[in-house]
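Trainee: Have a look; sequence and predicted model below, questions after that.
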Amino acid sequence: MSVPRRFVAVARPTLRQAVSAPQKAGPQSAFLSPRFQPCRKLHNQASRSAQAAVSEADTEPVSGSTNPALSFPCLDKQESRSASLSSRSSGPEPSYTTGKHLNFHSREPILLDWGGILPEFNVAYETWGTLNKDRSNAVLLHTGLSASSHAHSTEVNPQPGWWENFIGPGKPLDTDKYFVICTNVIGGCFGSTGPSSIDPANGERYATRFPVLTMEDMVRSQFRLLDSLNIDKLYASVGSSMGGMLSLASGAIFPDRVGRIVSISAAARSHPYSIAMRHTQRQVVVVLMMDPYWNRGFYYDGVPPHSGMKLAREIATVTYRSGPEWEQRFGRRRADPSRPPALCPDFLIETYLDHAGEKWCLSYDPNSLLYVSKAMDLFDLGQDHRNRINKVRQDNAGKLQAYLDGHAPATGAESDLCSLTLPEKPYEEKEPPTGEDEVNTDAVEAAPADLVAGLKPLANTPALVLGVASDILFPAWQQKEIANTLKRTGNKNVTHIELGEEKSLFGHDTFLLDLKNVGGAVQSFLG
Ligand SMILES: CC(=O)SCCNC(=O)CCNC(=O)[C@H](O)C(C)(C)COP(=O)(O)OP(=O)(O)OC[C@H]1O[C@@H](n2cnc3c(N)ncnc32)[C@H](O)[C@@H]1OP(=O)(O)O
């Protein structure tokens, strides 16, 4: 497979750019460590004379030092953005949108798996194609973590969508045949109810008063939308990455309402490596927990934690693509080999990650990232977990009724929903599981018994499971696990495809980029 060569023009921000935005004494300045002071000093000098400071930064030693302080255009850029965001006369923070969409509003409250309640909620959605007379040709397309309902351009929003080439007449999701529906998930920020939405109980943004939610909660809200469209049964549920999890969850919760399932680069339960990667991203957003901008999630009238979001996206991008792709594409090349090395982004792979973070850091709500990525971690279609959640739901059913009867707030100060205590005893290494859980001890064919039981509702649902060998976030073995588990439920109609490295080096993002192999497989499966 050849990776297209790309010409990259890299904008190096200068101190002059950094000081062009009005500066305010932002909270960040209080956090400058003494080691950062040389840079700060240069920054102040720049305020007096931008041009002079630029040349000074590059050449002149600070008095008494052996060598000049390095300049940090990457940090200047962050500071400059904070300054320009805080200089706005009022909030809110950037409003998150990918354009016009349809909206389903549920006046009925929804009880979430871990006991939270949304008294009412919106599901933003878009559709392509036409619903047939017997309403049997609907395909629900699920999104990845941070995508909106805008999978394809529409009349009211001609911007290309995130699966633009996969949807349309004669395309894998053939709009001559299917009525394709895509929603923004609840917890998100592109029109569906999430942490940046207004809580009808007090007229304020939920922020981190938003309840913890799960993939299954997202699916239940989507099926409320289907109810409102009088769609009893989906022709298919299709999704990649988090969307693949949602696709599996749809079939597991509503087996009678889902005709077939497509799960691409997903998992039937989140595994530790993926949880670790998402944990790291959340932590950098919340380093921001220690950052005054974070403000424990209540930042909507101020500056959002954009630096953490930028870094989170850079880490995410490392998990979305692959080393071999970057080897071919960037190698060890530097953005500007004529200049001496810098501690700020310098190698092409660094400027690439920097660019990915820059592009994204103000376009997605930090709280949505925390909630939705946590929901992914919590995902487990195993029977034990299902039993536990069913019990929690049963215990909380009364709470929903009390809320409906007007006797109780959805969540109160007394709520234990958000209190997590860690055991006082330090962690001790335990013997690994004996393997009794495995239905088949052959590592390749293994299917955990608990997962087989949990996926039993899918025993009669035709399924396509597709994995990519270069994917490090949802590795190919996890796709095998899904396929094997489905087969173990007795499902005779499971198609498992693995794209080897000769087919794609795009890693996890293959589902966004490989129309031929991913699109082709979806098209032939849907028929
Ligand atoms: C976990 C889940 O549930 S879902 C996760 C799904 N994945 C994602 O969300 C990742 C999203 N990925 C993207 O957004 C990607 O841009 C895609 C998939 C849409 C497109 O991929 P590609 O076509 O390969 O674009 P690529 O990643 O190279 O980015 C191109 C941009 O990087 C810039 N660029 C490329 N190389 C460099 C470099 N060395 N230095 C600086 N900038 C660079 C290009 O100029 C271009 O900029 P622009 O977008 O501002 O025009």
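Mentor: Perfect, I can see it now.
Trainee: Nearest to the ligand within the stretch 1-150 of the chain, name that residue for me.
Mentor: Of the residues in the stretch 1-150 of the chain, the one nearest the ligand is Gly144, at a distance of 2.6 Å by Cβ to the nearest ligand atom. In short, each C-beta sits where N, CA and C put it, glycine included.
Trainee: so what's the closest residue to the ligand within the stretch 401-527 of the chain up against?
Mentor: Nearest residue of the stretch 401-527 of the chain to the ligand: Leu512, at 4.1 Å (Cβ to the nearest ligand atom). Contact criterion Cβ atoms under 8 Å, 6 or more residues apart in numbering gives 162-163, 240, 506 as the residues in contact with Leu512.
Trainee: Among the residues you listed, name the buried ones.
Mentor: With neighbours counted by 16 or more other Cβ atoms under 10 Å, the contacts of Leu512 contain buried members at 162-163, 240, 506.
Trainee: now those residues in TSV, with pLDDT, secondary structure and distance to Gln479?
Mentor: Conversion of these to TSV gives the following (pLDDT from 0 to 100; DSSP: H, G, I helix; E, B strand; the rest coil; distance: Cβ to Cβ, whole Å):
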residue	pLDDT	secondary structure	distance to Gln479
Trp162	98	coil	21
Trp163	98	coil	19
Ser240	98	strand	11
Phe506	97	coil	16
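Trainee: Can you tell me the closest non-neighbouring residue to the residue positioned nearest the centre of the chain?
Mentor: Central residue of the chain (Cα atoms, centre = their mean): Leu145, 2.6 Å from the mean position. The spatially closest residue to Leu145, leaving aside those adjacent along the chain, is Met242, at 4.9 Å (Cβ to Cβ, 6 or more residues apart in numbering).
Trainee: same thing with Pro169?
Mentor: Sequence neighbours aside, Asp176 is the residue nearest to Pro169 in space, at 4.8 Å (criterion: Cβ to Cβ, 6+ apart).
Trainee: Am I right that that neighbour is in contact with Asn132?
Mentor: No - if you go by Cβ atoms under 8 Å, Asp176 and Asn132 don't touch, sitting 11.2 Å apart.
Trainee: more neighbours, these two?
Mentor: Using other Cβ atoms under 10 Å as the criterion, Asp176 and Asn132 rank with Asn132 on top: 13 against 10.
Trainee: can you pull the contacts of the residue nearest to the centre of the chain?
Mentor: Remark: with contacts taken as Cβ under 8 Å, 6+ apart, Leu145 is in contact with 241-242, 369, 372-373, 376.
Trainee: In helices, which of those residues fall?
Mentor: With helices defined by DSSP state H, the entries of those inside them are 242, 369, 372-373, 376.
Trainee: Which one of those residues is nearest to the ligand?
Mentor: Proximity to the ligand was ranked across those by Cβ to the nearest ligand atom; first place goes to Met242, at 3.4 Å.
Trainee: Next, count neighbours for Gly194.
Mentor: Residues contacting Gly194 under the criterion other Cβ under 10 Å number 26.
Trainee: what does Lys359 give?
Mentor: For Lys359, the neighbour count with other Cβ under 10 Å is 11.
Trainee: Could you report the pLDDT at it?
Mentor: According to the model's per-residue confidence, Lys359 sits at a pLDDT of 95.
Trainee: next one: Ser49
Mentor: At Ser49, the model reports a pLDDT of 33.
Trainee: C-terminal to the longest helix seen in the chain, what's the next element?
Mentor: Across the chain, the helix with the greatest residue count (assigned by DSSP H) is helix 383-404. From helix 383-404 onward toward the C-terminus, using DSSP states H and E, the following helix or strand is helix 449-454.
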